[in-house]
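K.L.:
any chance you could fold what I've pasted below:
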Amino acid sequence: MNNEQQYELALDCLLLAGQLMMESGAETYRVEDTMLRMARSQNIEDAQSYVTPTGIILSLGKRQITKISSIPARITDLHKIAKVNSVSRKLSGQMITLEEAYEELKRIQKTNYFLPIHIQLLAASVASSCFLVLFNGYWSDMPAAFVAGGVGFAVVTITQEMTRVKFFSEFLAALVVGLIASLAVHLGLGIEMDKIIVGAVMPLVPGLIITNAVRDLMAGHFTAGIAKGAEAFLTAFAIGAGIAVIVAF
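P.N.:
Just a heads-up that it's a prediction; the model follows:
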């Protein structure tokens, strides 16, 4: 493999690593650091990267080509981030070759590390019940929070898959959560509607996005931090709007 082919492979490998991390919810500065460490492991000292929540620009030097990779969607998949970090550490430690790292990254890209949907729904339901108790709700309201949280998570998952519109899916899920909580109280199956709602919407709250926005801002990545903060704000607004409709009527 000549130098040009080696640079081409390195560029594709590094871009794929960065793309996988950004799509899985990693911080911007961590993505840049990972790509640059991988580049230095291949004796490429002039690499430059510019990462935003919607795209990555990477160059391996002034005389080398520059490539762009778009990030059309972002989810939370910490397991995939850990897998990419593992590949990066092995490559930096000279435990694997660049070709092996690229093949492993492609396998990671094709693998779905999420638990089955029924387990995710069960986890969302249990978490909703636990949050209700955490916010000093009545234990007798736990079944209502359990059902509302699970149904809300199912709605946001199905609607997101069908429409690909994040704001609408979160608004509709919050609307359903508020409706179930309201019905539970009116039918005598719940006591405090506000506590049921607070517990049930917690699986929808963009906690990781908010955390990453703050960390990116503190690291000096103002564009990425503001963009992620705006995304978190829209999610919070969608949830609040859905609940407000139910409370108002």
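K.L.:
what ranges does this protein have for its helices?
P.N.:
Counting by DSSP state H, one finds helices in the chain at the ranges 3-23, 28-41, 78-92, 98-110, 117-134, 142-163, 166-186, 193-201, 207-218, 222-248.
K.L.:
what does the average pLDDT come to for the longest one?
P.N.:
Looking back up the chat, that one is helix 222-248. Average pLDDT, helix 222-248: 88.
K.L.:
name the helices or strands packed onto it?
P.N.:
Helices and strands touching helix 222-248, as assessed by 3 or more C-beta pairs under 8 Å, 6 or more residues apart in numbering; DSSP states H and E, comprise strand 48-52, helix 166-186, helix 193-201, helix 207-218. Glycine gets a C-beta too; all of them are placed from N, C-alpha and C.
K.L.:
in that helix, what's buried?
P.N.:
Across helix 222-248, burial judged by 16 or more other C-beta atoms under 10 Å covers 224-225, 227-229, 231-232, 235-236, 238-239, 242-243, 246.
K.L.:
need the helices and strands packed on helix 222-248 in a markdown table with distance to Leu58 and mean neighbour count, can you?
P.N.:
Shown next, in a markdown table, are the helices and strands packed on helix 222-248 (distance: least, C-beta to C-beta, whole Å; neighbours: other C-beta atoms under 10 Å):
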| stretch | distance to Leu58 | mean neighbour count |
| --- | --- | --- |
| strand 48-52 | 5 | 19 |
| helix 166-186 | 27 | 21 |
| helix 193-201 | 38 | 25 |
| helix 207-218 | 18 | 18 |
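K.L.:
geometric centre of the protein: which residue is closest?
P.N.:
Nearest to the geometric centre of the chain sits Thr76, at 2.6 Å (C-alpha atoms, centre = their mean).
K.L.:
wait, that residue sits on Ser24?
P.N.:
Yes: between Thr76 and Ser24 there is a contact at 7.1 Å, judged by C-beta atoms under 8 Å.
K.L.:
which elements pack onto the lowest-mean-pLDDT helix or strand in the chain?
P.N.:
Taking mean pLDDT, DSSP states H and E as the measure, the chain has helix 207-218 as its least confident helix or strand, at a mean of 85. Applying 3+ C-beta pairs under 8 Å, 6+ apart, one finds that helix 207-218 contacts helix 28-41, helix 222-248.
K.L.:
name the helices or strands packed onto the shortest one?
P.N.:
In other words, helix 28-41. Partner elements for helix 28-41 (3+ C-beta pairs under 8 Å, 6+ apart): helix 3-23, strand 48-52, helix 78-92, helix 207-218.
K.L.:
circling back: turn the helices and strands packed on helix 207-218 into a markdown table, including distance to Gln64.
P.N.:
As requested, those are exported to a markdown table (distance: least, C-beta to C-beta, whole Å):
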| stretch | distance to Gln64 |
| --- | --- |
| helix 28-41 | 11 |
| helix 222-248 | 24 |
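K.L.:
mind pulling up the pLDDT for Tyr7?
P.N.:
Looking at Tyr7, its pLDDT is 80.
K.L.:
that one: what's it in contact with?
P.N.:
Listed by C-beta atoms under 8 Å, 6 or more residues apart in numbering, the contact set of Tyr7 reads 44, 60, 64-65.
K.L.:
pLDDT averaged over stretch 46-61, what's the number?
P.N.:
Taken as a whole, stretch 46-61 has a mean pLDDT of 87.
K.L.:
what's the first-to-last distance across that stretch?
P.N.:
End-to-end distance of stretch 46-61 (C-alpha to C-alpha, to the nearest Å): 5 Å.
K.L.:
do stretch 42-53 as well
P.N.:
Using C-alpha to C-alpha, the span of stretch 42-53 from its first residue to its last is 26 Å.
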